[in-house]
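>>> Below is the structure, and that's it, no one-letter string:
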């Protein structure tokens with residue numbers, strides 16, 4: 001799994017929507033990739049702070065904007 005794919009899957013991972021194979025692949029990537037782990041950790045903490053520890057699905061527009069912003073941030077760094 002590369003960093004771009006990992007960032008795309010973080011939302012589904014946090015929502016518990018990934019199949020077991022993809023979940024394990026992402027978890028393995030997060031154990032060795034400090035950059036993606038930081039994105040995962042900051043996303044998780046932001047959601048926890050925002051919604052008092054309860055994860056929720058983002059509206060489609062927000063989800064898309066967040067992923068596009070993360071893609072732009074990762075370009076040249078992955």
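That came in fine, so what should we check first? The structure presented is a predicted model; accordingly, all values stated were derived computationally and were not measured. Numbers count the residues shown, from 1 in each chain.
>>> Which strand or helix spans residue 36?
In the assignment (DSSP states H and E), residue 36 maps to helix 34-50.
>>> For that helix, buried residues please.
36, 39, 40, 43, 47 (16 or more other C-beta atoms under 10 Å). Placement of C-beta: from N, CA and C, glycine included.
>>> cool, stretch 63-72 as well?
Buried, per 16+ other C-beta under 10 Å, within stretch 63-72: residue 70.
>>> re earlier: next SSE after the helix holding residue 36?
helix 60-74.
>>> Which strands and helices lie in contact with that following helix?
helix 3-14 (3 or more C-beta pairs under 8 Å, 6 or more residues apart in numbering; DSSP states H and E).
>>> Please repeat the previous calculation with a cut-off of 10 Å.
helix 3-14, helix 34-50 (3 or more C-beta pairs under 10 Å, 6 or more residues apart in numbering; DSSP states H and E).
>>> what about residue 28, how many residues close to it?
12 (other C-beta atoms under 10 Å).
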